[in-house]
Structure formats: structure tokens, C-alpha cells
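**Q** this one's sequence-less:
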């Protein structure tokens, strides 16, 4: 059974940083492309960043480009999201996802999801 587990969320002031982690007890993350999405209250889930299996391709939403960095450690079957210069509008539940298809930017492109970790950025 695939189980993606996110951690690292919390409360931070605007301008601060957080590092989200996503680990998998199996090999789903290390064997597939992965991504991060977020969902703010009352809004649809939106793409944040994605990374190919080998790490050679990364994609970012325009709203986080230059502030967030996605990375992975295949040896530890982990995917990470370094978030710097956080803004109140970054407040959301962040979800890790993996896909057996080619990395994409739509939630429907991903088959496996974690339960999410909450990020709150205060002004």
C-alpha cells in the first residue's frame, strides 16, 4: 500500500522559511515523478512544484518561482519543498503527490497523495 507522509508544516511569520518533507515507506516516490500541491480554505487544490524521477526536470507555479525549491533524495525515498520568503497567501494545506505518468501540473495527473501538512504564514 502506497503511503506518502508529509511533515514540516507549521506557523511562520511572513518572510520566514519552512522545509516540507514527504517520505514513502515503499518505493513509489523514488520510482516516479512527484510534486507538491496546496489547497487554501475555500479554494481549489493548486499546483506548486514538481520534479521528475531523476530530478533533472523541475516545474514551478509562477506564484512560487524564485522562492520555493523542490528537491529529492532517492536513497531516502524523499521529496522536499524548501519555502523561503513566505507570504500570507502561501497559507494552505500542502500535499505531496506521486505519478506513474509523466510529471504534470494538474491534480488529475497524480495518482498517489499524502494527507497534507498545514502551513500558516502570519503577516
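**A** That came through, no problem. Because the structure is predicted, anything quoted here is derived from the model rather than measured.
**Q** Give the buried residues for stretch 29-37.
**A** Residues of stretch 29-37 classed as buried: 29, 30, 32, 33, 34, 35, 36, 37 (neighbour count, 16 or more other Cβ atoms under 10 Å). No exception for glycine: its C-beta is placed from N, CA and C like everyone else's.
**Q** how about the second one, secondary structure?
**A** So that's residue 30. helix (DSSP: H, G, I helix; E, B strand; the rest coil).
**Q** where's it relative to residue 80, distance?
**A** Per Cβ to Cβ, to the nearest Å, residue 30 is found 13 Å from residue 80.
**Q** helices and strands of the protein: which one bottoms out on pLDDT?
**A** Sorting the helices and strands of the chain by mean pLDDT, DSSP states H and E puts helix 28-31 at the bottom, at a mean of 86.
**Q** ok, residues contacting that one?
**A** If you take Cβ atoms under 8 Å, 6 or more residues apart in numbering as the criterion, helix 28-31 is touched by 2, 4, 22-24, 53, 72, 74-75, 77-79, 98, 112.
**Q** same thing but at 7 Å, please
**A** 2, 4, 22, 53, 74, 77, 78, 79, 98, 112 (Cβ atoms under 7 Å, 6 or more residues apart in numbering).
**Q** Could you dump the residues you listed into CSV with neighbour count and secondary structure added?
**A** Below are the contacts of helix 28-31 laid out as CSV (neighbours: other Cβ atoms under 10 Å; DSSP: H, G, I helix; E, B strand; the rest coil):
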residue, neighbour count, secondary structure
2, 15, coil
4, 23, strand
22, 26, strand
53, 18, coil
74, 14, helix
77, 18, coil
78, 18, strand
79, 31, strand
98, 24, strand
112, 18, strand
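**Q** Return the member of the residues you listed nearest to residue 91.
**A** Distance to residue 91 across the contacts of helix 28-31 (Cβ to Cβ) is lowest for residue 22, with 19.0 Å.
**Q** Distance of the closest one relative to residue 88?
**A** 24 Å.
**Q** what's the answer for residue 39, then?
**A** When residue 39 is compared with residue 88 (using Cβ to Cβ), they lie 16 Å apart.
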